[in-house]
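Asks: Build me a model from this:
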Amino acid sequence: MPTDYHNHLEKGTLTLDYLEQFTKQAAQKNIKHFGISEHAYHFYQTKDIVSKPWMEERRYYDMDDYVALFQQAHQKGMDVKMSIEMDYTPGKHQEMADFISRYPFDYVIGSVHWNGDFGIDLAEYRKEWDRRDLHEIYTTYYDQVVTLAQSNLFDIMGHIDLVKIFNYIPKDEAFLLEQYERATDALSQSKTCVEISTAGLRKPVGRMYPEPVLLEMCYKKGIPIVFSSDAHEPAHVGFAYDQAIALAKEVGYSTVMTFEQGNRKEIYF
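Replies: Residues are numbered from 1 along each chain as shown. You can find the predicted model right below:
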């Protein structure tokens, strides 16, 4: 019984009709634990947490409308969890905590998408990869993964090794393993789960998040997992889950974490 907790409505509308396209796809894939986690930067209420020109062009939602959408969905009998994907922002822990506490999220995803003003997963910034020091990018990225975990604000770490998205990967294996070790050490001391995300298979890197060796570290340190597709359109819900489940089992996992109204429960998949 897998989960799909990382999905976005941003290519469509905040309407029941569009939301139902996602939930129907989840039902067809036999995904019993399904949630929407819209990007927090779309909402006016997060401007005090993170504000970049790229985001301001895309800040057009109100949280009241978002909450109302899920209330309508639940009244209609739709089993869908309400979440948010927050851009983890160093130095804004109190602001992030205040925002999270104001809304009845079933769970909250924390992700690292930015290195200062460098949007690491955005096509608009892709040329920056050739201008910057690769080891410095990775070190700074995993610095944020560590402090994200230490903040203990988030239920799920989104696509933990997103930094590999454009296939810029250090050749120094010892350096990479060092980053993985410190990230998983921090996560193992927090409440934060790690998602096995099939989204990477649809990206230039062509690989799931996380790498098998990183997922194995998570397993050995007792870090729980969830499955996610990071769907930005209904057809991608549950994308390539056969590969995700096979990877989880190969590493040793047999359970996933589920969430409802802030409570968590581990179940077998």
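Asks: CA atoms for contacts and neighbours, from now on please.
Replies: Will do.
Asks: Next one: the closest residue to Asp106 other than its chain neighbours from Phe227, what distance?
Replies: Spatial nearest neighbour of Asp106, excluding adjacent residues (Cα to Cα, 6 or more residues apart in numbering): Gln261 at 4.1 Å. Counting by Cα to Cα, to the nearest Å, the gap from Gln261 to Phe227 is 19 Å.
Asks: now do Ala123
Replies: 25 Å.
Asks: go on, Thr3?
Replies: Taking Cα to Cα, one finds Thr3 at 5 Å from Phe227.
Asks: related to what we said a few turns ago, surely the residue nearest to Asp106 touches Pro104?
Replies: Yes - using Cα atoms under 8 Å, Gln261 makes contact with Pro104 at a distance of 6.8 Å.
Asks: now the helices: where do they sit in the stretch 1-150 of the chain?
Replies: For the stretch 1-150 of the chain, the helices defined by DSSP state H, counting those that start in this stretch cover 16-28, 53-56, 63-75, 93-101, 134-151.
Asks: looking at the ones you listed, which is buried most?
Replies: Highest mean neighbour count of the helices of the stretch 1-150 of the chain: helix 134-151, a mean of 19 (counted as mean count of other Cα atoms under 10 Å).
Asks: Please put the alpha-carbon coordinates of that one into PDB.
Replies: In PDB, the C-alpha atoms belonging to helix 134-151 read as follows (Å, rounded to 0.1, in the frame of the first residue of the first chain):
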ATOM      1  CA  LEU A 134      30.800  21.900  -8.000                       C
ATOM      2  CA  HIS A 135      32.100  20.900  -4.600                       C
ATOM      3  CA  GLU A 136      31.000  24.200  -3.100                       C
ATOM      4  CA  ILE A 137      27.500  23.800  -4.500                       C
ATOM      5  CA  TYR A 138      27.200  20.300  -3.000                       C
ATOM      6  CA  THR A 139      28.700  21.300   0.300                       C
ATOM      7  CA  THR A 140      26.300  24.300   0.700                       C
ATOM      8  CA  TYR A 141      23.300  22.100  -0.500                       C
ATOM      9  CA  TYR A 142      24.000  19.500   2.100                       C
ATOM     10  CA  ASP A 143      24.600  22.100   4.800                       C
ATOM     11  CA  GLN A 144      21.000  23.100   4.300                       C
ATOM     12  CA  VAL A 145      19.800  19.500   4.300                       C
ATOM     13  CA  VAL A 146      21.500  19.100   7.700                       C
ATOM     14  CA  THR A 147      20.000  22.300   9.200                       C
ATOM     15  CA  LEU A 148      16.600  21.400   7.700                       C
ATOM     16  CA  ALA A 149      16.700  18.100   9.600                       C
ATOM     17  CA  GLN A 150      18.000  19.800  12.800                       C
ATOM     18  CA  SER A 151      15.100  22.300  12.700                       C
END
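Asks: Run the angle between it and helix 93-101 for me.
Replies: 60 degrees (axes from the mean of the first three to the mean of the last three Cα atoms, to 10 degrees).
Asks: Turn the helices of the stretch 1-150 of the chain into a markdown table, including distance to Cys193.
Replies: Converted to a markdown table, the helices of the stretch 1-150 of the chain look like this (distance: least, Cα to Cα, whole Å):
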| stretch | distance to Cys193 |
| --- | --- |
| helix 16-28 | 21 |
| helix 53-56 | 26 |
| helix 63-75 | 24 |
| helix 93-101 | 17 |
| helix 134-151 | 9 |
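Asks: Any chance you could list residues touching both of Thr3 and Phe227?
Replies: Val256 (Cα atoms under 8 Å, 6 or more residues apart in numbering).
Asks: quick one: the spatially most central residue of the chain from Val226, how far?
Replies: Nearest to the geometric centre of the chain sits Gly158, at 2.5 Å (Cα atoms, centre = their mean). For Gly158, the distance to Val226 equals 10 Å [Cα to Cα].
Asks: before we move on, the earlier item: looking at Gln261 and Phe227, which one has more neighbours?
Replies: For Gln261 and Phe227, the more surrounded residue by other Cα atoms under 10 Å is Phe227, and the numbers stand at 24 against 12.
Asks: can you tell me which residues contact the more buried one?
Replies: Pro2, Thr3, Asp4, Tyr5, Glu195, Ile196, Ser197, Ala244, Val256.
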